[in-house]
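Trainee: missing the sequence, but the structure's below:
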């Protein structure tokens with residue numbers, strides 16, 4: 001602004017000098033002119049130029065504020081994606097609990113070798129193992145559905161980052177890192193599920209071996225039949241309680257997943273609105289730059 005005032009003063013002084021010279025020239029011919037006309041024209045041109053500069057600066061501030069708000073919303077979406085990653089870690093905890101159940105079944109093998117009482121007891125035990133196998137299959141199916149939902153969320157997140165690729169290049173790199181971590185978690189979960197399946201197969205084979213050895217050990221274990229049977233029932237009750245806990249945790253995970261999907265669906269209209277506003281913002285920036293270049297020229 002000080003430069004503009006100095007320019008105004010320089011222009012006004014030069015104009016007054018020129019006006020005095022024209023008055024002197026016109027007085028020699030007997031004609032009089034007013035120097036205020038040229039001065040008013042020059043000052044009006046400088047005021048219009050200053051006002052255009054101020055308007056362009058105001059528009060730049062508005063556009064900067066809008067981009068800042070959009071970046072805040074994008075940061076919120078990234079936080080929610082990290083929350084999904086934490087949910088995947090909780091799923092890994094569920095898998096660890098399943099492994100703990102399989103370890104307990106393996107530890108109970110030595111007890112069952114001594115406590116194989118009759119074919120009916122063994123069939124009940126096989127039914128419990130089959131029910132556990134069905135529960136683990138259900139958990140595996142839920143893992144697959146969750147992985148599909150994670151992939152769909154990754155696709156939506158990738159579309160959003162592509163729309164903002166000119167102004168948010170650093171967030172694109174963060175998104176690729178999150179995708180690689182999600183794939184790594186998915187591979188670990190699948191490997192753990194395969195290990196659980198292998199352990200269940202080994203347990204079924206051991207149960208068959210126990211059935212073969214039951215006929216030979218009936219005479220030796222009749223005296224200890226009642227005590228060992230109560231121990232087996234206690235172990236099975238503990239396993240049933242653990243399975244109920246797993247089912248409750250699975251239901252809570254499903255509820256959280258539906259909540260996350262609803263939140264993402266609520267954010268999709270905002271993303272579409274940002275996409276629609278992008279061309280107008282770019283045109284405004286280009287027009288501001290063009291006006292600034294014209295004013296500087």
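Mentor: Nice, I can see it. Here the structure is a predicted model, which means the values were calculated and not measured.
Trainee: what's the distance between residue 227 and residue 79?
Mentor: 56 Å (C-beta to C-beta, to the nearest Å). Placement of C-beta: from N, CA and C, glycine included.
Trainee: by contact count, what packs against the longest helix along the chain?
Mentor: Identified as the longest helix of the chain according to DSSP state H is helix 36-114. Helix 36-114 sits against helix 2-28, helix 119-163, helix 169-221, helix 225-296, with contacts defined as 3 or more C-beta pairs under 8 Å, 6 or more residues apart in numbering; DSSP states H and E.
Trainee: between it and helix 225-296, how big is the angle?
Mentor: 170 degrees (axes from the mean of the first three to the mean of the last three C-alpha atoms, to 10 degrees).
Trainee: If you average pLDDT over each of the helices and strands packed on helix 36-114, which is lowest?
Mentor: Comparing mean pLDDT across those, the weakest is helix 2-28, with a mean of 45.
Trainee: Let me see the mean pLDDT of the longest helix of the chain.
Mentor: If you average the per-residue pLDDT over helix 36-114, you get 73.
Trainee: Neighbours of residue 271, how many?
Mentor: Counted with other C-beta atoms under 10 Å, residues neighbouring residue 271 total 19.
Trainee: Check the gap between it and residue 126 for me.
Mentor: 53 Å.
Trainee: Kindly report the same for residue 50.
Mentor: Using C-beta to C-beta, one obtains 91 Å as the distance from residue 50 to residue 126.
Trainee: before we move on, what about residue 185?
Mentor: 34 Å.
Trainee: more neighbours, these two?
Mentor: Each of residue 185 and residue 126 had its neighbours counted (other C-beta under 10 Å), and the higher figure belongs to residue 185 (17 against 14).
Trainee: Surely that one is in contact with residue 90?
Mentor: No - using C-beta atoms under 8 Å, residue 185 makes no contact with residue 90, being 11.2 Å away.
Trainee: and residue 292, what does it touch?
Mentor: 53, 56 (C-beta atoms under 8 Å, 6 or more residues apart in numbering).
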